[in-house]
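1. Give me a model of this one.
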Amino acid sequence: MREVQGGIIGSGLIVMLIGLTGIIRPVLRAISPITVAANIGVLGLALYAVGFPGVVACPQLGIMQMAFVIIFSQYMRGVAIKMPGRMGSLRIFELFPVLLGILLSWFIAWLLTIGGAYNNAAPEVQAACRTDQSHVLENAPWIRFPYPWQWGPISVSWAGTLTMLAGALPAMVESLGDYFAAADIAGAPVPPPAVISRAVALQGASCVLAGMWGTSSGTTAYNENIGAMQITRVGSRRVVQLGAVCAIIMGLIGKFGGLFASLPNAMVSGLFCVMFGIICAVGLAQMKHADQHSNRNIFILGFSLYMGLSIPYYFTDYTAKTGQGPIQTPSIVLNNILNSIFHTAAAVALMLTLLLDNTIPGSDEERGLTAWTTLFVDDLGNTRDWYEDDYMNQVYGLPFNGTGIYQRYIGKPIHAWTSAHVTQPLCRFTAPIRDALSKIRIILCCGRSSNHSPEETTIGLPPDRHHEVHMTTQTSSTLDASNSAFNNVHKVHKTTVVEGGGDLNPKDVEQGCGNHITVGMDNSSHGTGSCSAHGGSA
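-> Reported below is the predicted structural model:
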């Protein structure tokens, strides 16, 4: 146990270091709504095996549990109960559908158990239906204070740390989509990369605390909380903080843990059927920010969801048959990490969507990035950090201007060091690969005309027209001409040759400029822009 504690602490420190140094920020900038949709959507789908198969083990409890949650949250959500005094009316069924469903089903299960309904049932039926299968409740003490190092001195080693890191890294990757989904449900702006990095750092710090207090597992973002936020429509931080205080108090009362341990398995499976279905739907709902009619997006989402289920199934089946994972290298630690990652459906879906969404050509509007922009530009065209915006700082900033103080004395120095010693060397190392991918995207998207110089591009107008058009474009990634955000920074005037001859029709120019075009400014200038015609026929 002391070795396990040391592994949890060591892996937690590594995850915390990843968050504090901002190493993960380049990945976060590449995340789009499609990535989050696949990452969260596959979380709900991946646990289908623990849903209805567990319900049918004791259908009278499992189906009843599902029915109560569905009825309370959907059919009775508008029913208000008058409260005593001046408290008015309260929609308790809309606010507490899960809790009410658990309590009611649990009470009925307890009555059936003490009434002897399952005394002559098969052992597997009793395990799924009875509330007295666990003797934890009667053996648990009333009060117990957990304390650090309760199992003795902690043993920290590289072997234990790297072994636990095989589980910590997939959990970190899996949790990335949770932060975006939670912000969307709560109606908050899209969290900036710095905020996600901070959440990853706190996730690692929580693992360190869990290891110090002697738990047998680390902590991560709990996916079921996303479903709870969606079904109750409660996303207040005050509610979460109060719930954390209640959880700490209940953790000190040993009987509470024993009471929850008496939940019949069929009830838990019934909750899974509802909650994980909601999690899947919350993930897929992120596609509202992207173009849902785009064949590109449909392919990326469908392929990632399917492979996110199929690849982990293969790894699980292979391990069950052979006793080891499919990936076998001379390093046992590397084998454990890679096999663990590919066992995780959310990690596989995230990696696939990141690869496909950032290599298959598509405009920012098509990918949904225009709705996710967190770039702040003042009236003079100067960019600002997110915490310098009052609203963003109110939502994501630390109390008492803690974010500004942290960024001034800690965050910016760390980010500058990381940029100079990690990010920039990595960018220089990967520059040839990025240049090659950029050229491939340009060729696949629009092709290149050998008759024009690198300073020219072709707009598809009617063949009887040929004009010189002055175009304004932004030196960044693919943009859409209808997106007014591209007018903010880095505008460069280029000359565009429009094929054809005769008189210039402004509608033709407008039509041509609205298309997806390529500007030969450098190997990364790929986008659209606004253009206006000058002069007569060529």
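2. Every contact and neighbour count from this point should use C-alpha atoms.
-> Will do.
3. State the pLDDT value of the closest residue to residue 33 other than its chain neighbours.
-> Spatial nearest neighbour of residue 33, excluding adjacent residues (CA to CA, 6 or more residues apart in numbering): residue 286 at 5.5 Å. Residue 286 is assigned a pLDDT of 87 by the prediction.
4. ditto for the one 4 residues further on
-> In this prediction, residue 290 carries a pLDDT score of 90.
5. How many neighbouring residues does it have?
-> Neighbour count of residue 290, defined by other CA atoms under 10 Å: 21.
6. Name all residues that make contact with it.
-> With contact taken as CA atoms under 8 Å, 6 or more residues apart in numbering, residue 290 is in contact with 33-34, 297, 365-369.
7. Let's see which of these end up in helices.
-> Among these, DSSP state H puts 33-34, 297, 365-367 in helices.
8. now residue 85: how far from residue 132?
-> Applying CA to CA, to the nearest Å, the value for residue 85 to residue 132 is 40 Å.
9. Those two: which is more packed in?
-> Per other CA under 10 Å, whichever of residue 85 and residue 132 has more neighbours is residue 132, with 19 against 6.
10. Chain neighbours aside, what residue packs nearest to residue 301?
-> In space, and not counting its chain neighbours, residue 301 is closest to residue 38: 6.0 Å by CA to CA, 6+ apart.
11. now do residue 253
-> Distances taken as CA to CA, 6+ apart place residue 143 nearest to residue 253, at 4.7 Å, with adjacent residues excluded.
12. Show the backbone phi and psi for the one you found.
-> Phi and psi for residue 143, reported as degrees, to the nearest 10, are phi -130, psi 130.
13. Is it correct that it is in contact with residue 250?
-> No: between residue 143 and residue 250 there is no contact under CA atoms under 8 Å: 9.6 Å.
14. thinking again about what came up before, using PyMOL, define a selection of the buried residues within the contacts of residue 290.
-> Buried members of the contacts of residue 290, defined by 16 or more other CA atoms under 10 Å, are picked up in PyMOL with:
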select buried, resi 33+34+297+365+366+367+368+369
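15. buried residues in stretch 412-431?
-> In terms of neighbour count (16+ other CA under 10 Å), stretch 412-431 has its buried residues at 415, 418-419, 423.
16. Is it possible to get JSON lines of the residues you listed that adds pLDDT, distance to residue 221 and secondary structure?
-> Formatted as JSON lines, the buried residues of stretch 412-431 follow (pLDDT from 0 to 100; distance: CA to CA, whole Å; DSSP: H, G, I helix; E, B strand; the rest coil):
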{"residue": "415", "pLDDT": "75", "distance to residue 221": "25", "secondary structure": "helix"}
{"residue": "418", "pLDDT": "78", "distance to residue 221": "26", "secondary structure": "helix"}
{"residue": "419", "pLDDT": "79", "distance to residue 221": "28", "secondary structure": "helix"}
{"residue": "423", "pLDDT": "76", "distance to residue 221": "27", "secondary structure": "helix"}
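17. From what I see, residue 37 and residue 287 are in contact.
-> Yes: between residue 37 and residue 287 there is a contact at 6.3 Å, judged by CA under 8 Å.
18. So if I had to pick from those two, which one is more boxed in?
-> A count of neighbours by other CA under 10 Å puts residue 37 above the other of residue 37 and residue 287, at 28 against 22.
19. if I look at residue 30, how far off is residue 356?
-> Taking CA to CA, one finds residue 30 at 11 Å from residue 356.
20. An error on my part: the question was meant for residue 106.
-> 46 Å.
21. One more: residue 318?
-> Relative to residue 356, residue 318 is positioned 26 Å away (CA to CA).
22. cool, residue 90 as well?
-> Per CA to CA, residue 90 is found 47 Å from residue 356.
23. Same check on residue 122?
-> Here the criterion is CA to CA. By it, residue 122 lies 50 Å from residue 356.
24. out of everything not next to it in sequence, what's closest to the spatially most central residue of the chain?
-> For the chain, the residue sitting closest to the mean C-alpha position, by CA atoms, centre = their mean, is residue 177 at 0.4 Å. Once flanking residues are discounted, residue 177 sits nearest to residue 36: 5.0 Å by CA to CA, 6+ apart.
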